[in-house]
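Trainee: Generate coordinates for the sequence data below:
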Amino acid sequence: MKPIAITMGDPAGIGPEIVLKVAAEIGDRLPLLVFGDVDLLRQTAETLNIPVTVQEVSGSVEARNTVGSLPVLTIGKVPTDLPVGQVSAAAGQAAYDYVATAIEYAMRGEVAAIVTAPLNKEALRLAGFPYPGHTEILAELSGTDDFTMMMASEDLRVVLVTIHEPLREAIQNVTEESILRVTRLANDALLRSGNKSPRIGVAGLNPHAGENGLLGREEIDIIGPAVEKARAEGIDVHGPFPPDTVFLRARKGDFDVVIAQYHDQGLIPFKYLGLEKGVNVTIGLPFVRTSVDHGTAFEIVGKGIADHRSLRVALDQALAMIGEPALSIHG
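Mentor: Below you'll find the predicted structure:
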């Protein structure tokens, strides 16, 4: 198979450490191609005593891991005096370049999927990139207009109607059209992942899903009509349900995915279940992309204690989405 692209993330964060830890576990069982900085990865492997030999490659997507080795395509060079564990424009520029180059490879069909380590939004802004996160970079550089985030774990899947927006703007952007669009994306994503009959639950916007208009009319005027239109298209979708119980119902098996109306409505219950179990999937792209569901963790950089389980799960999720068996290396 073609290699899985892994972007190193912010070089001042825990991305290099978790990439190396996953590579050490995988060995030669899966072809990988890391987009990052070979010198930094070598230094990190030596400092933290991670048993991986970092192998520099020059654009070749045929490079395959040998036991204990990791092919790396160096995209620029980060400064040797880059301050680790700190926000910087240099780190933001590097993180952007890793992702942008991986997207080029994916669009040409030279890698099977992209798995991303975390970047830092403030570092991106310092480098002159006004993106609120990976999702928007991936969409813009791939020319994708119809996309959203899906957070996935064994316990819960959540898809967002609005993503990285201030709450006031997010509420204004909860429209019948946006809910219908995201419901279609969620249904298609689950179908492509092998679920032949996805069951979708939709969260309300207001407390208690509006209490029949007593606490707001969005459920009556916007969300309910969107659900009915989706059902008319043959999608097995139900709601709107009170946001304080619909995620629990999904975890118990009533639904395969919950449509959340705004970022924190969906991500707070999801992340409460454990960051190490979760994966961020961008749905709607012309290629598969998964990611860790945590940040750069500047406060623990260099200590050797970064938890790489989310990156391992993200890799397995990417394999599932391209029709390959999971490595079953996480637990």
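Trainee: Run through the strands of the protein in chain order.
Mentor: 4-7, 32-36, 53-57, 69-74, 113-116, 148-152, 157-160, 200-203, 237-241, 257-260, 279-283, 289-292 (DSSP state E).
Trainee: strands paired with the last one, and their directions?
Mentor: The reference is to strand 289-292. Each strand paired with strand 289-292, and its direction, by DSSP bridges: strand 113-116 (parallel), strand 279-283 (antiparallel).
Trainee: Mind listing residues that contact the longest one?
Mentor: Applying C-beta atoms under 8 Å, 6 or more residues apart in numbering, the set of residues contacting strand 279-283 from outside is 134-135, 138-139, 147-153, 159, 185-186, 188-189, 289-293, 310, 313-314, 317, 321. Where you see a C-beta, it was placed from the backbone N, CA and C, and this is true even at glycine.
Trainee: Need the buried ones from those residues selected in ChimeraX.
Mentor: Buried residues among the contacts of strand 279-283 (16 or more other C-beta atoms under 10 Å), as a ChimeraX selection:
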select :134,135,138,139,147,148,149,150,151,152,153,159,185,186,189,289,290,291,292,293,310,313,314,317,321
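Trainee: so which of the strands of the chain gets nearest residue 82?
Mentor: strand 32-36 (12.8 Å; C-beta to C-beta).
Trainee: contacts for that closest one?
Mentor: The contact list for strand 32-36 (C-beta under 8 Å, 6+ apart) reads 3-8, 11, 15-16, 19, 23, 26, 41, 57, 61, 63, 65, 70-75, 98-99, 101-102, 105, 111.
Trainee: Tell me what angle it forms with strand 53-57.
Mentor: 80 degrees (axes from the mean of the first three to the mean of the last three C-alpha atoms, to 10 degrees).
Trainee: for strand 32-36, which positions count as buried?
Mentor: 32, 33, 34, 35, 36.
Trainee: Just name the closest of those to residue 91, please.
Mentor: residue 36 (11.7 Å).
Trainee: give the contact list for the nearest residue to the closest one once chain neighbours are set aside.
Mentor: Distances taken as C-beta to C-beta, 6 or more residues apart in numbering place residue 8 nearest to residue 36, at 2.9 Å, with adjacent residues excluded. Applying C-beta under 8 Å, 6+ apart to residue 8 gives the contacts 15, 16, 19, 34, 35, 36, 37, 40, 41, 95, 98, 117.
Trainee: what is the mean pLDDT for stretch 261-274?
Mentor: Averaged over stretch 261-274, pLDDT sits at 91.
Trainee: residues in contact with that stretch?
Mentor: Taking C-beta under 8 Å, 6+ apart as the rule, stretch 261-274 contacts 151, 153, 155-156, 158-165, 167, 170-171, 174, 179, 203-205, 223, 243, 247, 251, 258, 260, 278, 293.
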